[in-house]
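In: Fold the following for me, if possible:
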Amino acid sequence: MGVTDIFTVETSTRMRAGVVVPQDKTVRLAERPAPGHPAGAQVLLRMLEVGICGTDREIAAFHYGSPPGGATELVPGHEALAEVVETGPDVAWARTGDLVVPTVRRPCGSPRCPACRQERPDFCVTGEFTERGIAGADGFLCEYALEEERFLVAVPRALEEVAVLVEPLSVAAKAVDVFATIHARFGFDVPRPRGLVLGAGPVGLLAGMVLQADGIETWVYSREPEDDPRAALVRSFGANYLSAGGAPVERLSERIGNVDLIFEAAGSPQVAFGALPTLAANGILILSGIPAIEDPVPADLSRWMRDLVLKNQVIFGTVNAGRSAYQDAIHCLEQFMALFPGAVRSLIRRASFDEVPALLSRARGIKDVVRIAA
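Out: Next up, the predicted model:
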């Protein structure tokens, strides 16, 4: 950290932030008080980059999201990359100049929640957790933030240009870890497993990269046409692309055969469960999308139940991620940057802080990333 940075942190009392105001239904840039010096095990962070995702846009559209208690504004942004600029006296490992990624979810306070009491709030049983930038706590779409050291994950400086992808990648990394745990019950190996990703948004594309890098024959199925840039991106990291325009979901098995793993990242029940006939015996369907609550969808429940029982299939849902999944995501990024660095870089479209209100209303790239620090 240079002299200029020290001077800024020491003397600045105000900072810029993007804010969502639910009661006024406004989204704007604002000046807010800058955080003070860290105490205890706190760390003062200078935010470098923040990714914008569908969750942020739904918050900005006032579908959900809640400010901290007693506040009227919420600072969104939970996909963050930051630099440590000051540490509290009880900090154990963080040092000035370190690159870090903060986790999102914070434990509930209930003594009856074994997950949160063991630092796994991604498996919270009470639902009383808070989430930075989403529920009950400000996020990171601002110039500086205070955070407890235990909620930070160190990132190698070599990954700085792509490390903002760690949080969305952690969702796929956690899902694949659970897949491996379930798969281990077989006691035998599948020679070369086959995987299908539903949806070519950021999480779907990152999941496709994880599967491909793990030696799984990978298909990505999405609504974009075969000549779309996203289809080309999928092929650039060695996976196969199939457009929904040329293959209805219920006919997928006729086009690609059966698969051992389906990773759903489309947020559509019709697509997720429509693909079930494609799932092989002993196959696993992972649900990561969160659909809007709408009218009931017709379902072939008898067939699904028969297949799940007779074919030993498993369906599980996954949300958020714990510290180990963030660390796995960092290892995945290191692997990606060795195997297909161009594909990883092409996910990111960087924008200035002034573009925040527009980016919160509409996507402009695959993964829009706001540069916070110059």
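
In: C-alpha only now, for contacts and for neighbours.
Out: Will do.

In: Residues in contact with the helix or strand where residue 338 lies: which ones?
Out: Using DSSP states H and E, the element containing residue 338 is helix 323-339. Contacts to helix 323-339, defined as Cα atoms under 8 Å, 6 or more residues apart in numbering, come from residues 103, 151, 153, 155, 159, 162-163, 166-167, 169-171, 173-174, 209-210, 213, 237, 344.

In: That one: what's the following helix or strand?
Out: helix 341-345.

In: same for the helix or strand containing residue 282, what does it pack against?
Out: Residue 282 is part of strand 279-287, with elements assigned from DSSP H and E. When contacts are defined as 3 or more Cα pairs under 8 Å, 6 or more residues apart in numbering; DSSP states H and E, strand 279-287 sits against strand 259-264, strand 314-317.

In: ok so, going back, show me what the mean pLDDT comes to for the helix holding residue 338.
Out: Mean per-residue pLDDT for helix 323-339: 98.

In: Run the chain-centre distance for that helix.
Out: Helix 323-339 sits 13 Å away from the centroid of its parent chain (Cα atoms, centre = their mean, to the nearest Å).

In: and if you look at stretch 173-184?
Out: 17 Å.

In: Run through who's touching it.
Out: 207, 210, 284, 286, 318, 321, 322, 325, 326, 328, 329, 332.

In: same deal with stretch 143-161?
Out: Residues outside stretch 143-161 that contact it (Cα under 8 Å, 6+ apart): 15-17, 34-35, 38, 41-48, 91-92, 94, 98-103, 163, 323, 326-327, 330, 333-334, 372-373.

In: 6 Å instead, please
Out: Stretch 143-161 has contacts (Cα atoms under 6 Å, 6 or more residues apart in numbering) with 15-16, 41-47, 99-103.

In: related to what we said a few turns ago, what comes into contact with the strand holding residue 282?
Out: So strand 279-287 is in contact with 258-264, 311-317, going by Cα under 6 Å, 6+ apart.

In: one step back: quick one, which of the helices and strands packed on strand 279-287 is nearest to residue 185?
Out: In terms of Cα to Cα, the element of those nearest to residue 185 is strand 314-317, at 11.8 Å.

In: angle of the strand holding residue 282 against strand 259-264?
Out: Orientation note: strand 279-287 sits at an angle of 20 degrees relative to strand 259-264 (axes from the mean of the first three to the mean of the last three Cα atoms, to 10 degrees).

In: The helix or strand following strand 279-287: how far from the chain's middle?
Out: Next helix or strand after strand 279-287 toward the C-terminus (DSSP H and E): helix 301-310. Here helix 301-310 is found 31 Å from its chain centre; the criterion is Cα atoms, centre = their mean.

In: Now do the buried residues in helix 301-310.
Out: 307, 308 (16 or more other Cα atoms under 10 Å).

In: mean confidence score for that helix?
Out: Rounded mean pLDDT across helix 301-310 is 94.

In: again, but for stretch 176-187
Out: 89.

In: Tell me how far that stretch lies from the chain's centre.
Out: That offset, for stretch 176-187, works out to 22 Å (Cα atoms, centre = their mean).

In: which regions of the protein sit below the pLDDT cut-off?
Out: The model of the chain has pLDDT under 70 over residues 1-12, 374.

In: where do the helices sit along it?
Out: Along the chain, counting by DSSP state H, helices occupy 3-11, 54-60, 114-117, 166-183, 202-213, 229-236, 252-256, 269-274, 301-310, 323-339, 341-345, 356-361.
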